[in-house]
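Chemist: Fold the following for me, if possible:
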Amino acid sequence: MNIRFAHKVDLPTLVEIYNQAILSRTIAALEQTTLEERIFWFEQLKQDERPIIVAESEDNVAGYLYLSSYRRGRSALRQTVEVSYFVHEDHHRRGVGSQLMKACIESCPDWGIKSLFAILLETNTASINLLKKFGFQQWAHLPEVAEIDGVEVSQVYFGRKV
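Modeler: From the prediction side, this is the model:
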C-alpha cells in the first residue's frame with residue numbers, strides 16, 4: 001500500500017468514499033456531498049496547510065485521511081487538529097485505516113501538530129477501536145446530540161498527544 005498526499009484528480013474517488021460513509025449511517029453528517037463542494041473543501045485545507053493523505057492499493061485510492069484546524073484563527077490552538085478518515089467499502093478491515101493513521105501520527109511533528117482528536121458517533125465501534133489501537137482516549141461524551149433515522153445517538157471525542 002502506498003501512502004501519499006492527495007491530488008485534485010483524486011477528488012471524484014474521495015467524494016465516492018465519503019458518500020459511502022454517509023449511506024452507511026456511521027457518521028453524523030447526513031447529506032452526501034458533491035464534487036463541487038469537495039473542490040472548495042480541498043482548496044481550503046490546502047490554504048490552511050492541512051494535509052490530505054490517501055492510501056493507494058493497486059493504483060486505486062482505498063481510503064483517505066485529512067486534518068482540519070480546530071477553531072481556525074485562534075493561534076493558541078494552531079497545533080491541535082481534528083483527524084477524519086474514510087475507507088472505501090471494498091477495503092474495510094484490510095488495514096487501510098491503520099496505515100493512514102500510522103502515517104499521520106508519524107508526520108504530525110513535521111506538520112507542527114501536537115494534539116489530534118476525532119469526533120465520531122458512539123455507535124461507530126470500528127473507528128473507536130482504530131483510535132484506541134493508536135493510543136487515543138475518550139476526551140468527551142455528548143449524550144444523544146445526533147439523530148440518525150429517528151434514533152438519538154451520542155457523539156464522542158477521542159484524542160491523543162503526539
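Chemist: Distance from the chain centre to the helix or strand bottoming out on mean pLDDT in the chain, please.
Modeler: Averaged element by element with mean pLDDT, DSSP states H and E, the chain has its least confident helix or strand at helix 35-47 (a mean of 87). Chain-centre distance of helix 35-47: 15 Å, with Cα atoms, centre = their mean, to the nearest Å.
Chemist: who are the neighbours of that helix, in terms of helices and strands?
Modeler: helix 11-24, strand 60-69 (3 or more Cβ pairs under 8 Å, 6 or more residues apart in numbering; DSSP states H and E). For every residue, glycine as well, the C-beta is placed using N, CA and C.
Chemist: Mind checking what helix or strand follows it in sequence?
Modeler: strand 52-57 (DSSP states H and E).
Chemist: what would the helices and strands packed on helix 35-47 look like in CSV with mean pLDDT, mean neighbour count and distance to Gly150?
Modeler: Below are the helices and strands packed on helix 35-47 laid out as CSV (pLDDT from 0 to 100; neighbours: other Cβ atoms under 10 Å; distance: least, Cβ to Cβ, whole Å):
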stretch, mean pLDDT, mean neighbour count, distance to Gly150
helix 11-24, 92, 17, 17
strand 60-69, 95, 21, 29
